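Visitor: One predicted model, sequence on top.
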Amino acid sequence: MNKYPHQKRMLIAIDCIVFGFDGENLKLLLIQRAIEPEKNKWSLMGGFVEAEESIDDAANNILKKLTGLEGVYLEQMQAFGEVKRDPAERIVSVAYFALIDIHQYEQQISHEYHAEWFHMDQIPSLIFDHNQMVDVARKKLRYKAALHPILFELLPEKFTIPQLQSLYEGIYDSVFDKRNFSRKILSTGLLIKQQEKDKLNSKKGAFYYKLDKGKYNENFHAFLNLIPNPDHLQLI
């Protein structure tokens with residue numbers, strides 16, 4: 001087959017924005033870049049798409065190679081293609097975001113590239129346009145969280161109402177009234193109360209709950225009244 005004439009070389013890269021929740025705080029996983037330019041500076045998990053692999057396969061392979069993570073929720077977000085976004089060469093990056101329960105995967109994390117979790121309020125200056133990617137990913141996550149049970153990828157199978165509230169506060173960068181949040185979330189009818197209690201974080205203990213995924217699919221809009229500001233639902 002003939003190649004397209006008069007076309008210059010352009011590389012395709014993958015960058016993965018990995019969000020994690022530790023039961024109290026929303027965090028971002030970063031590594032120290034191993035190559036020039038910007039060697040040893042903080043970076044998202046990135047690499048190039050090989051000639052014989054799809055971009056989805058490349059995203060999964062890059063994430064596993066740089067962090068050790070596999071089998072996690074990973075979704076394609078958008079492409080970033082400013083002409084001079086990488087000083088080394090003309091590179092278009094396809095960004096993905098991943099969502100994990102930190103405690104579930106903490107034994108899987110590889111530290112070969114100095115992978116480290118950062119609180120969302122303490123993210124350092126990142127290479128190239130990676131800070132912009134993180135900002136876009138947070139907005140996409142806020143939008144999707146209002147319409148899909150996506151946030152439950154960040155939680156263990158059983159969770160408490162305080163844990164769920166902390167997660168929503170981290171996602172939407174807001175503080176919710178505890179009584180109102182509990183009342184609203186329970187009024188959705190989408191949570192299944194368990195008999196066990198979490199007694200580590202309070203003397204009284206907080207009951208565990210599970211998401212009723214069947215009911216959620218039938219009544220997904222029930223979580224919309226938890227969103228503190230409708231502006232958070234605007235796509236950029």
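Guide: Arrived safely. Numbers count the residues shown, from 1 in each chain.
Visitor: So, low pLDDT: which residues of this protein?
Guide: Scanning the chain for pLDDT under 70 picks out 1, 201-203, 217, 219-236.
Visitor: quick one, domains of it?
Guide: What automatic domain parsing lists as the domains of the chain is 11-145, 158-233.
Visitor: Residue 3: which of those domains is closest?
Guide: Nearest of these to residue 3, taken as Cβ to Cβ: domain 11-145 at 13.3 Å. All C-beta atoms are positioned from the backbone trio N, CA, C, and that covers glycine.
Visitor: returning to what we had before: out of the domains of the chain, indicate the one that is most buried.
Guide: Compared across those, domain 11-145 shows the largest average neighbour count, a mean of 17 (mean count of other Cβ atoms under 10 Å).
Visitor: Let's verify residue 6: helix, strand, or coil?
Guide: coil (DSSP: H, G, I helix; E, B strand; the rest coil).
Visitor: so how far is residue 58 from it?
Guide: Distance, residue 6 to residue 58, using Cβ to Cβ, to the nearest Å: 27 Å.
Visitor: picking that back up, can I get the domains of the chain in JSON lines including distance to residue 152?
Guide: What follows is those, written out as JSON lines (distance: least, Cβ to Cβ, whole Å):
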{"stretch": "domain 11-145", "distance to residue 152": "9"}
{"stretch": "domain 158-233", "distance to residue 152": "5"}
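Visitor: Go through these and name the closest to residue 2.
Guide: Proximity to residue 2, assessed across the domains of the chain by Cβ to Cβ, is greatest for domain 11-145 (17.5 Å).
Visitor: Tell me where the protein has helices.
Guide: Under the criterion DSSP state H, the chain contains helices at 55-67, 102-105, 130-145, 161-172, 178-187, 213-218.
Visitor: Out of those, flag the one nearest residue 92.
Guide: Evaluated over those, closeness to residue 92 peaks at helix 55-67, with 10.7 Å, by Cβ to Cβ.
Visitor: which residues are in contact with the closest one?
Guide: For helix 55-67, the external contacting residues (Cβ atoms under 8 Å, 6 or more residues apart in numbering) are 12, 14, 16, 18, 29, 31, 45-50, 53, 69-70, 72, 74, 76, 94, 96, 98, 109-110, 112-113, 115.
Visitor: Redo the helices of the chain as TSV? Include distance to residue 87.
Guide: Output for these, formatted as TSV (distance: least, Cβ to Cβ, whole Å):
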stretch	distance to residue 87
helix 55-67	21
helix 102-105	33
helix 130-145	14
helix 161-172	33
helix 178-187	46
helix 213-218	46
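Visitor: mind checking which of the ones you listed is nearest residue 196?
Guide: helix 161-172 (13.6 Å).
Visitor: Residue 117 and residue 32, how far apart?
Guide: Using Cβ to Cβ, residue 117 is found at 14 Å from residue 32.
Visitor: Please apply the same query to residue 98.
Guide: From residue 98 across to residue 32, the span is 19 Å (Cβ to Cβ).
Visitor: Residue 181 now?
Guide: Between residue 181 and residue 32 the computed distance is 37 Å (Cβ to Cβ).
Visitor: re earlier: so which of the helices of the chain comes closest to residue 193?
Guide: The closest of the helices of the chain to residue 193 is helix 178-187. By Cβ to Cβ, the value is 8.6 Å.
Visitor: Packing partners of that closest one?
Guide: Packed against helix 178-187 by the contact rule (3 or more Cβ pairs under 8 Å, 6 or more residues apart in numbering; DSSP states H and E) you find helix 161-172.
Visitor: Tell me what angle the helix it packs on forms with helix 130-145.
Guide: Angle, helix 161-172 to helix 130-145, by axes from the mean of the first three to the mean of the last three Cα atoms, to 10 degrees: 130 degrees.
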